[in-house]
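>>> structure for this input, please:
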Amino acid sequence: MLTIKNAAEIKKMQAAGRVVQDVLELMAQMARPGITTGELDAAAEELIRSRGAIPSCLGYSGYPKSICTSVNEQVVHGIPGKYRLKDGDIVSCDVVAKLDGFHGDATRTLLIGDVAPETRELVKVTEECFFKGLEFARVGYRISDISAAIQAHAEAHGYGVVRDMIGHGIGRDMHEAPDVPNYTGGRYGRGIRLMAGMTLAIEPMINMGTWQIKVLSDGWTAVTADGKPSAHYENTVAITDGAPIILTMSEGSHA
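Numbering: from 1, shown residues only. Have a look, this model is predicted:
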C-alpha cells in the first residue's frame, strides 16, 4: 500500500537513516583484506542495537543475518559468513535499520585494496546512476522518469541494468508501494506520479556485463549470469514540495 508520510514521520525516518549511515561508515572503515563478511555483519548488528534500533533484515522472510554483503559477481542478498575479503574485491553492504517504527535503507559498494580500474569505474557509475535518477525524484514526475534516467546513464557506459531486482517504497514496512525499477526500456512518463510525502528506496544495481542474474541454492544470493562484477548504490529518499531529501546521508538535500 502506498503511504504518504507527514513531517514528523519523515523526521523519524531520517533518524533511522542516520543509524544506517553510521553503520555504512563503520563498514567502510572495517572492510579490508582479511576480514570476513561475518565479522562485518556482527559489527553492524552491534552498532544498530546500540542505537536502540533493530536490524530489519534479520529474520525477514527467514533471512539469517543482519545485513547483506554481496561480493564481486554477487548482485544482492549475499549472506555474510566465513568469506574473507581479499585484495581487489568489491563488496556491497546493504543495511536496513528500524527505529521508532520506521525503516532506513541504504547500500554502498566498497573497494577492497587494489581494485581493477574497470571495476572501480563500474562502482563510480553506479553511484552516478542514483544521482541521475534523483534529479527526477520531484513532485510531478513519474516513477519511470527515475528509472529511465538510471537506465540511460548505465547503458551509456555499456553496462547491464538488473531488471529482476528493484527499488521500493519504504516507511513503517521495509518494502512498501510503489516499485521503483531501474529499467523501463527507455520510457519516461509512466507509472505513479510522485507526490510530496512519498519515501522511496532508490537503488541502482548495475552489472559490468549482462543484465541477467540467477539466484544461488541458498535461496538468497543473486549473482550475475556471466560471473562479471556487479555494483549497488542505494539511499532512502523523501519526496518534498521542493528538492528531494536523502534520509540516509547527513548532507541532506541533493538534486
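>>> please enumerate the strands of the stretch 151-255 of the chain.
In chain order, the stretch 151-255 of the chain shows strands spanning 160-161, 167-169, 176-180, 199-202, 205-207, 213-215, 222-224, 230-232, 235-238, 245-246, with DSSP state E, counting those that start in this stretch as the criterion.
>>> looking at those strands, which is closest to residue 90?
Each of the strands of the stretch 151-255 of the chain was checked against residue 90 via C-beta to C-beta, and the shortest separation belongs to strand 230-232, namely 6.7 Å. Heads up, the C-betas are built off the backbone N, CA and C, glycines and all.
>>> now what about stretch 12-29, what contacts it?
Contact with stretch 12-29 is made by 5, 40, 43-44, 47-48, 51, 53, 67, 93, 95-106, 108, 110, 170-171, 199, 236, 238, 245-250, as judged by C-beta atoms under 8 Å, 6 or more residues apart in numbering.
>>> and these, which of them are buried?
Of the members of the contacts of stretch 12-29, the ones counted as buried by neighbours, 16 or more other C-beta atoms under 10 Å, are 5, 40, 43-44, 47-48, 51, 53, 67, 93, 95-99, 102-106, 108, 110, 170-171, 199, 236, 238, 245-249.
>>> quick one: which of these sit in helices?
40, 43-44, 47-48 (DSSP state H).
>>> could you list the low-pLDDT ranges of the stretch 51-200 of the chain?
Judged against pLDDT under 70, the stretch 51-200 of the chain has no low-scoring part.
>>> quick one: the helices in it?
Assigned by DSSP state H, counting those that start in this stretch, the stretch 51-200 of the chain shows helices spanning 117-134, 143-156.
>>> adding distance to residue 194 and mean neighbour count, write those helices out as a markdown table.
Below are the helices of the stretch 51-200 of the chain laid out as a markdown table (distance: least, C-beta to C-beta, whole Å; neighbours: other C-beta atoms under 10 Å):
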| stretch | distance to residue 194 | mean neighbour count |
| --- | --- | --- |
| helix 117-134 | 12 | 19 |
| helix 143-156 | 7 | 23 |
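>>> dump these into TSV; add distance to residue 82 as well.
TSV is the format used below for these (distance: least, C-beta to C-beta, whole Å):
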stretch	distance to residue 82
helix 117-134	23
helix 143-156	32
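>>> for residue 195, find the nearest of these.
Closest of those to residue 195 is helix 143-156, at 11.2 Å (criterion: C-beta to C-beta).
>>> list the helices and strands that closest one packs on?
Contact partners of helix 143-156 among helices and strands, from 3 or more C-beta pairs under 8 Å, 6 or more residues apart in numbering; DSSP states H and E: helix 117-134, strand 160-161, strand 176-180, strand 199-202.
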